[in-house]
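Novice: Any chance you could fold what I've pasted below:
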Amino acid sequence: MSFFDAARHAVHQTYKDAIESITSVSNVSQFREKGVLTPNEFVAAGDLLVSKCPSWTWEAGDPSKAKDYLPKNKQFLVTRNVPCSRRVAALSTTVREIQMDDAEDMEWTETRLTGADGLLATESTVEDIDDDDAPVAKSGPPPPAPPAATTAAPA
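Specialist: Prediction:
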């Protein structure tokens, strides 16, 4: 952190501390008017978030920084195990795209999942079907059904 950033942070922290010492915490909801939550609304919203999204949890934090208007074990919310750009970049190394040339289609991409060693995770062989070998569907009405077999009753 540069000297300028550190000075800005110190001034902002002093300003916040001064404002917090002068003003009291509101217990009147002003969410619709100003977008501000009361401590009870914050805890209720956090409880709902924690119950709906398991990656979020309440934390107590440093006791010296705890706010007395919030429960001791619910000072702030933390989310964990959320994909970040570094993990997404690591994931993209496991997918290998191979450019293939084809006389008819010009170019296409084949995507294969690879293991950590760079080898294909699964290998399956699919035979190519030439259009010349494919069965041709006949047009027109379907062929008549064969007659039902009848069995003679023993005499």
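Novice: Is the nearest residue to Q75 once chain neighbours are set aside in a helix, a strand, or coil?
Specialist: In space, and not counting its chain neighbours, Q75 is closest to G61: 4.5 Å by CB to CB, 6 or more residues apart in numbering. All C-beta spots, glycine's among them, are computed from the backbone N, C-alpha and C. At G61 the chain is in coil, as set by DSSP: H, G, I helix; E, B strand; the rest coil.
Novice: Can you give me the neighbour number for G61?
Specialist: As a burial measure, G61 scores 16 neighbours (other CB atoms under 10 Å).
Novice: Quickly note the distance from it to R80.
Specialist: Distance of G61 to R80, given as CB to CB, to the nearest Å: 15 Å.
Novice: same thing with K34?
Specialist: According to CB to CB, K34 and R80 sit 31 Å apart.
Novice: Determine the longest helix present in the protein.
Specialist: For the chain, the longest helix by residue count, based on DSSP state H, is helix 3-22.
Novice: In the helix or strand just after that one, which residues are buried?
Specialist: The C-terminal neighbour of helix 3-22 among helices and strands, as given by DSSP states H and E, is helix 31-34. Residues of helix 31-34 classed as buried: none (neighbour count, 16 or more other CB atoms under 10 Å).
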